[in-house]
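K.L.:
How does the following fold in three dimensions:
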Amino acid sequence: MFYKNVVQEVLRRCLTMDRRPGRPRATPVIVQDSEISTLIHDVFGGEILKTHEENGWHFYNRIDGERIDFTLSDTEKSANEIKFEDIPTTTAETSGYFDGTDYSTFFMRFVKAFEETVGLGNFRLGVPA
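P.N.:
Next comes the predicted model:
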């Protein structure tokens, strides 16, 4: 089972810790949609999707048939305002939008924050302890 609220909180914690030079602090999530969608795919599976925006591509996920976009602010969450195209894409494409070293750091920060928040043992379905 995928717990969106838990993942959203963990992402918020990770992005709050993000202090990379040149990264806009006011809207870090918008800048990182490719990293976030890749991370969600790498950790939880599902699909990475994209849609056209006026400044290029916007990446998000679909898990268990549900569109999930952790990069929208609360004021943008109305599905009526966004014209999602749900075009399938790959990690090979999304990885072209970010630095691999930055992603590795972000991935490890997410794993650590997730473990601190809920404990990874709670999500070891089918894996012997």
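
K.L.:
make it CA atoms for all contacts and neighbour counts henceforth
P.N.:
OK.

K.L.:
Can you pull out the low-pLDDT segments for the chain?
P.N.:
1, 17-31, 73-81, 119-129 (pLDDT under 70).

K.L.:
quick one, strands of it?
P.N.:
Counting by DSSP state E, one finds strands in the chain at the ranges 47-53, 56-63, 66-68, 87-89.

K.L.:
With distance to residue 97 and mean neighbour count added, can I get those strands in JSON lines?
P.N.:
Output for those, formatted as JSON lines (distance: least, Cα to Cα, whole Å; neighbours: other Cα atoms under 10 Å):
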{"stretch": "strand 47-53", "distance to residue 97": "13", "mean neighbour count": "20"}
{"stretch": "strand 56-63", "distance to residue 97": "10", "mean neighbour count": "20"}
{"stretch": "strand 66-68", "distance to residue 97": "19", "mean neighbour count": "14"}
{"stretch": "strand 87-89", "distance to residue 97": "13", "mean neighbour count": "14"}
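
K.L.:
With residue 101 as the reference, name the closest of those.
P.N.:
Among these, the nearest to residue 101 by Cα to Cα is strand 56-63 (19.6 Å).

K.L.:
Contacts only, for residue 8.
P.N.:
Going by Cα atoms under 8 Å, 6 or more residues apart in numbering, residue 8 touches residue 70.

K.L.:
Could you report the distance from it to residue 101?
P.N.:
23 Å (Cα to Cα, to the nearest Å).

K.L.:
Can you pull up the most central residue in this structure?
P.N.:
residue 36 (2.5 Å; Cα atoms, centre = their mean).

K.L.:
if I pick that one, what's in contact with it?
P.N.:
Contacts of residue 36 by Cα under 8 Å, 6+ apart are 60, 70-71.

K.L.:
Distance from the chain centre to the top helix by length along the chain, please.
P.N.:
Assignment by DSSP state H gives helix 100-118 as the longest helix of the chain. Centroid separation for helix 100-118 versus its chain: 11 Å, with Cα atoms, centre = their mean, to the nearest Å.
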